[in-house]
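# Have a look; sequence and predicted model below, questions after that.
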Amino acid sequence: MNVNKIRLFPGHVLDGVVVGILFGVEFAFLFSSLLYTTVSSAWILLYSTPFFHTVGAHYYLKGDRITLHKAIGLVLAFFGVVLLLSKHLGFPSLTELGGNMLALAAALFWAITTVYIKRRLVGKVSHHHTLFYQIVFSIPILFLLSILFQEVPIHHIDALIISSVVFQGIIVAFISYLLWFYLVHVYPVSRLSAFTFLTPVFATISGMIFLQEQLTLQLMFSLILVSIGIYVVNMK
C-alpha cells in the first residue's frame, strides 16, 4: 500500500501565522460580544460578513467585482436573515450596542481572513494546509482567551462533554472548515460567502427537527428570501 506523505509546513508559514492570528481575533470579538448583547443580535451582525467579503474581494481579488445583481442578492438574503430573527430583537441599550459592535468586528475579521487566504495562500498551499495553519497558529490566542474569560474548568467527564468535544472537533473544526477552505480555494469569494446566509435558516430548521419547534410563516418567507438572494448573487 502506497502512503503519500504530506509536509506539515510546505511554505508560506508567515502567511499561515497571519491567518491564525486573524481567526483568533475574530473569535475574541465574537465571544466578547456575547457577554454584552443578545445571541440573535450577534448572530445577525456576524452574518453581515458577506457584505465585507464582497467589498474585500472587489478591491483585493482579481476578477471578483461587485455587480448590481450581487448587491441586490446580498440585500435580499440578509433581509431574510433579519426577518427570521426579528422577533428576538429590540432597541439595544448602550451596553448591547457595544456588544453589537464587537459582533460586527467579528464579521469584518471573518471576511479579512477569507480574502487574505484567497490572495496569499490559494494556489500556493492546499486547503488542507490552510486549515492546519489556521488551527495551529490560532491555538495560543484561543488559549489566552480561555484564561482571560476565566472559563470554568471541567471537574468530571460525562457523555455530554465527550460528545460535545467530538462534535466540535470533528464535525465543526475539521470537516466543515476543511470543506469551507476547499470551496474558498476553488470558487469566487463574493459568490461563496452568500451561502453563509443559509446557516441561521438551517439552525432554525434543526430546531424544528430536534426540538419540536413549530414551522412558521416567518421561517418560510425567510428561506424564500435567502434562496432568491443566493440565486441572484450567483447569476451570470
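Right, received. Where do you want to start?
# going forward, measure contacts between C-alpha atoms and count neighbours the same way
Will do.
# contacting residues around the closest residue to Y182 other than its chain neighbours?
Excluding the flanking residues, the one nearest Y182 by C-alpha to C-alpha, 6 or more residues apart in numbering is H127, at 5.3 Å. Taking C-alpha atoms under 8 Å, 6 or more residues apart in numbering, we find H127 in contact with 178, 181-182, 185.
# Do you have the helices of the protein handy? List them.
13-33, 39-46, 49-60, 68-85, 94-120, 127-148, 159-166, 177-186, 189-193, 198-211, 217-233 (DSSP state H).
# Any buried residues in stretch 20-33, and which?
By neighbour count with 16 or more other C-alpha atoms under 10 Å, stretch 20-33 contains the buried residues 20-33.
# how much space between the residue nearest to Y182 and I139?
According to C-alpha to C-alpha, to the nearest Å, H127 stands 19 Å off from I139.
# Next: V201.
Distance, V201 to I139, by C-alpha to C-alpha: 30 Å.
# more crowded one of these two?
Ranked by neighbour count (other C-alpha atoms under 10 Å), V201 and I139 place V201 first, with 20 against 15.
# Could you find the closest non-adjacent residue to that one?
L223 (6.5 Å).
# Excluding sequence neighbours, find me the nearest residue to S48.
A107 (6.5 Å).
# what about the closest residue to S227 other than its chain neighbours, neighbour count?
With C-alpha to C-alpha, 6+ apart as the criterion, S227 has its nearest non-adjacent residue at 7.0 Å, and that residue is A77. The number of residues packed near A77 is 30, by other C-alpha under 10 Å.
# do L215 as well
Quick note: L215 (other C-alpha under 10 Å) scores 13 neighbours.
# related to what we said a few turns ago, how close does the residue nearest to Y182 get to L148?
Distance from H127 to L148, by C-alpha to C-alpha: 31 Å.
# and if you look at G16?
On the measure of C-alpha to C-alpha, G16 and L148 end up 24 Å apart.
# Looking at the two now, which is surrounded by more residues?
The neighbour comparison of G16 against L148 (other C-alpha under 10 Å) goes to G16, with 27 against 9.
# Quick one: residues contacting the closest residue to that one other than its chain neighbours.
Distance criterion C-alpha to C-alpha, 6+ apart; nearest residue to G16, sequence neighbours excluded, is Y133 at 4.9 Å. Y133 sits next to 13, 16-17, 19-20 when contact means C-alpha under 8 Å, 6+ apart.
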